[in-house]
Every structure is written in structure tokens, then in C-alpha cells.
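*Asks:* What follows is a predicted protein model with its sequence.
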Amino acid sequence: MEHVAQHSDPHYDQEASKLGMWLFIFTELLLFGGLFIVYAIYRFLNPEAFQMAGHELNITIGAINTIILLVSSMTIAMSTSALQKKNIGLTVLLLEITIILALIFLINKYFEWGVKFDHGIWPGSEHLLNDMAHGEVLFFGLYFVMTGLHALHIVIGMIIIIVALNKVQKGTVHADRPSLLENAGLYWHLVDLIWIFLFPLFYLIH
Amino acid sequence: MENEKHHIVPYKVYIYILVALVAMTFLSIGITKINLGEYSVLGAMIFANLKSVLVLTWFMHLKFDQPFLRIMVGFVVLVFFAVIFITFLDYYYR
């Protein structure tokens, strides 16, 4: 009975809410797109310095984080299928796994940045400004800004997924009204998409 | 239309996509380990683009969405590449 009531809600339009989410994603893509263009130009102007600075980054940690994000993207995509199949238990479990993977990504990032700080590399640090070439300063500036902005998106994504998870448990997000979960998924895939480009551009310069 | 809207993607499809994505990640690491000079960037970017197509099509569900969403995404990608192209025309011929 309640499903019939949900269907007749005049304020609910699944296609429109998906379209709205996509429009937001376009703004995010162009935000990061702008940063990628800045990166491309500075790399074009300082190829050797970017190569030198790239050696400072740890491919293994980058690769592990890539795989963590790819798996988490799969689990949240699966959670939408589980919700459509009305399997609430599995939906909740998959979302919990996604959140834990996001947390592991951030912990790895913490250690990764920590190593840079130990080496005296952070935006505006003396080691960076006094001992390194102009191109290397640019590389690390972009590295901290772009991976930092990406990490901020991970945090926001986690909050959105937690909200979606709560609403799935409460029953306000369900098979006939899945938009919040779908849009949380879209946001999370966006975060994954950006990392797909960050990883080769920063970690795989060798 | 009604069928597309309620399309449920089987779990195993997502597993296949994940396997492909992870494989391409390792391939892109492998290709940069071989010394191809300028081309290693190109190789890594080709894999990144292939991966993003997979994510957009399957994970982000564009394959099952209405065509206008695909057209809009394509347009945004085109605008982005156009801006890169024009910016590089400027820097390259300075």
C-alpha cells in the first residue's frame, strides 16, 4: 500500500533528480579539468623537473589506493542493484564496505602525505623553496592541491553515503524511490573517475 | 523506456568491469616501467581514458540511461578537449 502512496508523490521525479546530479557532476569535471590543464601546461614547460619530482611519489601506495577506489566503486554500484532487488541487508552491507574502503583510502593518504612532510616537502616549506627547481615546486604544489581537493571529495562522498545508508535503513530510500542512493553512487564514481587520471599523471611519471 | 528505467544490472557484470579496470591499472603501470620516452605518457593516458569510459558506461549507468544524458556527457568531454587543444595551440606556437 505504501508503495502506491510513494508513487503518487508529485514531488518525486527520478529522471529529473538524476539530470540534476549530472549537471552538478559536469561542474565538478570542469573544476578538476581546469586543474588538469594547469598541470598539462606546467608539465609541458618543465618536463625534466616534473619527472624528477615524480620519483618522490610511491607507485605502490598509489596503485593500492587506485584498486581500493575501484573496488569501492563496484560495491556502491552493486548496492543499487541490491536495492532494486529489494535486498536491504545486502544493500546496507555493500554501503558499509564502501565507507570502510573510503576510510582506508584516506588513511593511506595520511601516511603518504606524512612521508612527504618527513622529507620536508609541503606547500611553502623551506626545503621546497630553497633546494628545488621551479618546476618541482609547481609539481608538488599541484600534487598537494589536486590530491587534497580529491581527498576532500572523498570525505564529502563518505558523508553522502552515510546519509544514504541511514535512509535505506529507515526505509525512506527503497526500490521505488532510489534516487538518493543512485546519486550518492554517481558522486562516488566521479571521485573514482578523477583518481583514474590523477594516478597516472602524478605517480606514473618515470 | 519503462524497461530501461527499471534495468537491474546483474552483480557479475560489475565484477567483470572491476577485473577489467584493475587489469588496465596494472597494464598502465607496466607500460610506464618500459622506457618508451614520450610515448609512456600517451600509453598511460590511453588506459586512463579506456578506464573512464568503462566507469561512465557501466558504473555510472549511462548505457541504460536516456540518450540525452550520454549526449550531454559527450558534449562536456568535447568542450574539455577543445579547451586543452586551444590552450596548447597557444603555448606550442609561442
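*Replies:* Sure thing, it's come through. Treat the numbers as computed from the prediction; the structure is a model and nothing was measured.

*Asks:* what stretches of the chain score poorly on pLDDT?
*Replies:* Since no chain was named, I'll use chain A. Applying pLDDT under 70 to chain A flags residues A:1-9.

*Asks:* That was the other one, I meant chain B.
*Replies:* Using pLDDT under 70, chain B drops low at B:1-6.

*Asks:* In it, which residue sits nearest chain A?
*Replies:* Nearest residue of chain B to chain A, counting by Cβ to the nearest Cβ: B:Ala44, 3.8 Å away. C-beta: built from backbone N, CA, C; applies to glycine.

*Asks:* quick one, what contacts that residue?
*Replies:* A:200-201, A:204, B:28, B:31-32 (Cβ atoms under 8 Å, 6 or more residues apart in numbering or on different chains).

*Asks:* Between all of those residues, which two are separated the most?
*Replies:* Pairwise distances among the contacts of B:Ala44 were taken by Cβ to Cβ; the largest, 14.1 Å, belongs to A:Leu201 and B:Ile31.

*Asks:* distance of B:Tyr16 from B:Ile46?
*Replies:* For B:Tyr16, the distance to B:Ile46 equals 21 Å [Cβ to Cβ, to the nearest Å].

*Asks:* Can you classify A:Ile205 by secondary structure?
*Replies:* Under DSSP: H, G, I helix; E, B strand; the rest coil, the three-state class of A:Ile205 is coil.

*Asks:* Identify the spatial nearest neighbour of it, chain neighbours not counted.
*Replies:* Spatially, and ignoring its direct neighbours in sequence, A:Ile205 is nearest to A:Gly54 (3.3 Å; Cβ to Cβ, 6 or more residues apart in numbering or on different chains).

*Asks:* can you check A:Ile88 too?
*Replies:* Nearest to A:Ile88 is A:Val168, by Cβ to Cβ, 6+ apart, at 6.5 Å.

*Asks:* How much space separates the nearest residue to A:Trp122 once chain neighbours are set aside from chain B?
*Replies:* Excluding its sequence neighbours, the residue lying closest to A:Trp122 (Cβ to Cβ, 6+ apart) is A:Lys116, at 6.6 Å. Per Cβ to the nearest Cβ, to the nearest Å, A:Lys116 is found 21 Å from chain B.

*Asks:* For my notes, confirm A:Pro123 occurs in a helix.
*Replies:* No - A:Pro123: not assigned to a helix; according to three-state DSSP it is coil.

*Asks:* if I look at the residue lying closest to it once chain neighbours are set aside, how far off is A:Met52?
*Replies:* Leaving aside its sequence neighbours, A:Pro123 sits nearest to A:Phe144 (Cβ to Cβ, 6+ apart; 5.3 Å). Note on A:Phe144: its distance to A:Met52, by Cβ to Cβ, is 17 Å.

*Asks:* With B:Val22 instead?
*Replies:* Counting by Cβ to Cβ, the gap from B:Val22 to A:Met52 is 29 Å.

*Asks:* Which residues are in contact with A:Phe144?
*Replies:* So A:Phe144 contacts A:113, A:122-123 (Cβ under 8 Å, 6+ apart).

*Asks:* Check the residues you listed against A:Met78 and report the nearest one.
*Replies:* Nearest to A:Met78 among these, with distances taken as Cβ to Cβ, is A:Trp113, at 30.7 Å.

*Asks:* chain center to the helix or strand hosting that closest one, what's the gap?
*Replies:* A:Trp113 is part of helix A:88-118, with elements assigned from DSSP states H and E. Put simply, helix A:88-118 sits 11 Å off its chain's centre (Cα atoms, centre = their mean, to the nearest Å).
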